[in-house]
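A.B. asks: I would like the atomic coordinates for the input below:
(2 chains)
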Amino acid sequence: MAGGDGVKLLGYWASPFALRVEWALKLKGVEYEYLEQDLQNKSPLLLQYNPVHKKIPVLVHDGKPLAESLVIIEYIDETWKQFPLLPQDPHEKAKARFWAKFADEKCVPAILGTFTKVGEEKRKAANEARENLKTLESGLEGKRFFGGETIGFVDIAAAWLGCWTRIAGEIVDVKLIDEETMPELCAWLENVLEAPIIKDCMPPQDKLLEHIKGGIHKMLMAAAST
Amino acid sequence: MAEEVKLFRNWSSPFALRIVWALKLKGIEYETILEDLQNKSSLLLQYNPVHKKVPVLLHNGKPILESLVILEYIEETWKQHPLLPEDPFEKATARFWARFNDEKLLPSIRDASTKQGKEQEEAIVQVEENLKYVEEKLKGNVFFGGETIGYLDLAFGWLANLVSVLEEVTGLSLTASGKFPLLSAWMQNFSDAPVIKECWPPRDKLIIKYQAMIEKYTAVAAPK
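C.D. replies: Predicted coordinates for the structure are as follows:
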């Protein structure tokens, strides 16, 4: 049921970047129409709304498109003021932006490397991933969530990372988020993935497992053939 | 009320330069701590243990890191001479294009300057595609910020002097070809703007620095 504001989200069921935009919209109770995209066969709509990157997610608000999930989430936070995601204090806000960027730019590539490389490169990637995750943990500063008592910007930016890492870890038998060395990050992950809206939006875990398995297999094949 | 603002930077970083421009445009008094990146100070390592990089802004003892994050912090803390649009959609669009610069345009120009053979050809094609988007953005505006310099001008600002340095050092023609008239005009206008002009690092030093950098890349890539 579309609200007067006309919010549409172009997404893909297995994309964590679309997922985090959905988390933001749902936490704020914003009504929106979800349009599932076929990424192997991109729609004219997607290409029209995101000609630069041709990727999802794209948020369309009153006919105006926005791309890049973290840019979209900040836009959502500024447009719908209920359930604020970013802190008010400029320094705390800057810290939140820093950690979301760190998760995307440092944690993600290293984690990806762990699951898609082999041999010595895999070992190095895993070590780097663990170091980066340990650094990310320091951003919690002993709090329940990165946002404090409630879920905030960094929580929805990084929660998927924990979930995907766990699943991939089961597939290739590598544990990256480990209770002994990262107790706070583990506790955070438990708390955030159990939170009502976060949990409800997750794609079906069995489908996701198959999807991630397929993705890893494809990337390992590609790595083996070079 | 005395505010303590310090900026850790080095002589040439285009990311640190964004912060110098922002502080000057807003008329904020600050102290510069010039870093030698081959020999980083213990203070820099203390304030930016994660990345160990410049720029770092220190405001009343609290560090802020990452140039685009720092620009937003400055904007939120000192309201004079606004750099970002008020409208959330316009603001989001500016952020999108700043990220495009950092994540697509800049790496493509770096690749075009440092790679060889087929990889370089592909990078050059990518640069042209990317610059077309930037050119399109400038239609109907003197600056990316409209009538005055704004956040996005500061994000793209490095182009206004480093492109010609790279063209001189590599012999490539990125914008010198005249293919991007609006961008070339912007580069001139931005470069000549009062606050921007006085901050450029010395060109001769930049030529030496980038010459050395490119020679290093070329030596590594050279077939044995």
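
A.B. asks: any idea whether the residue nearest to B:Glu66 when sequence neighbours are not counted is helix, strand or coil?
C.D. replies: With C-beta to C-beta, 6 or more residues apart in numbering or on different chains as the measure, A:Phe98 is the residue that lies nearest to B:Glu66, at 5.7 Å, once sequence neighbours are left out. In this view, the C-beta of every residue, glycine as well, is placed from N, C-alpha and C. Following DSSP: H, G, I helix; E, B strand; the rest coil, A:Phe98 is assigned to helix.

A.B. asks: Same question for B:Ile64.
C.D. replies: Three-state secondary structure (criterion: three-state DSSP) places B:Ile64 in strand.

A.B. asks: B:Thr93 too?
C.D. replies: Using three-state DSSP, the secondary structure recorded for B:Thr93 is helix.

A.B. asks: What is the helix or strand of chain A with the lowest mean pLDDT packed up against?
C.D. replies: Scoring the helices and strands of chain A by mean pLDDT, DSSP states H and E places helix A:205-224 at the bottom, with a mean of 86. In terms of contact count using 3 or more C-beta pairs under 8 Å, 6 or more residues apart in numbering or on different chains; DSSP states H and E, helix A:205-224 is assigned the packing partners helix A:108-116, helix A:153-172.

A.B. asks: Of all those helices, which one comes closest to A:Leu10?
C.D. replies: If you check each of the helices and strands packed on helix A:205-224 against A:Leu10 by C-beta to C-beta, helix A:153-172 wins as the nearest, at 18.0 Å.

A.B. asks: With mean neighbour count, distance to chain B and mean pLDDT as new columns, can the helices and strands packed on helix A:205-224 be given to me in JSON lines?
C.D. replies: Putting the helices and strands packed on helix A:205-224 into JSON lines (neighbours: other C-beta atoms under 10 Å in any protein chain shown; distance: least, C-beta to the nearest C-beta, whole Å; pLDDT from 0 to 100) gives the following:
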{"stretch": "helix A:108-116", "mean neighbour count": "20", "distance to chain B": "13", "mean pLDDT": "89"}
{"stretch": "helix A:153-172", "mean neighbour count": "21", "distance to chain B": "12", "mean pLDDT": "90"}
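
A.B. asks: Including distance to B:Leu166, could the ones you listed go into JSON lines?
C.D. replies: Output for the helices and strands packed on helix A:205-224, formatted as JSON lines (distance: least, C-beta to C-beta, whole Å):
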{"stretch": "helix A:108-116", "distance to B:Leu166": "26"}
{"stretch": "helix A:153-172", "distance to B:Leu166": "34"}
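
A.B. asks: Break down chain A into its strands, ranges please.
C.D. replies: With DSSP state E applied, chain A shows strands at A:7-11, A:33-36, A:58-61, A:64-67, listed in chain order.

A.B. asks: who does the longest one touch, helix- and strand-wise?
C.D. replies: So that's strand A:7-11. The criterion is 3+ C-beta pairs under 8 Å, 6+ apart, and the helices and strands that strand A:7-11 contacts are helix A:16-27, strand A:33-36, helix A:44-49, strand A:58-61.

A.B. asks: Could you check those and tell me which one is nearest chain B?
C.D. replies: Of all those, it is strand A:58-61 that lies closest to chain B, at 7.2 Å by C-beta to the nearest C-beta.

A.B. asks: roughly how far is the closest one from the heart of the chain?
C.D. replies: 18 Å (C-alpha atoms, centre = their mean, to the nearest Å).

A.B. asks: just stretch A:141-153 next, same as before
C.D. replies: With C-alpha atoms, centre = their mean as the basis, the distance from the averaged C-alpha position of stretch A:141-153 to the chain average is 16 Å.

A.B. asks: Show me the helices in chain B, by range?
C.D. replies: With DSSP state H as the criterion, chain B has helices at B:14-25, B:42-47, B:67-77, B:88-100, B:106-114, B:117-137, B:151-156, B:159-170, B:181-192, B:194-197, B:203-221.

A.B. asks: would CSV of the ones you listed with mean pLDDT and mean neighbour count be doable?
C.D. replies: Compiled in CSV, the helices of chain B are given as follows (pLDDT from 0 to 100; neighbours: other C-beta atoms under 10 Å in any protein chain shown):
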stretch, mean pLDDT, mean neighbour count
helix B:14-25, 97, 21
helix B:42-47, 95, 14
helix B:67-77, 98, 21
helix B:88-100, 98, 20
helix B:106-114, 96, 20
helix B:117-137, 96, 16
helix B:151-156, 98, 25
helix B:159-170, 96, 19
helix B:181-192, 96, 16
helix B:194-197, 93, 14
helix B:203-221, 90, 13
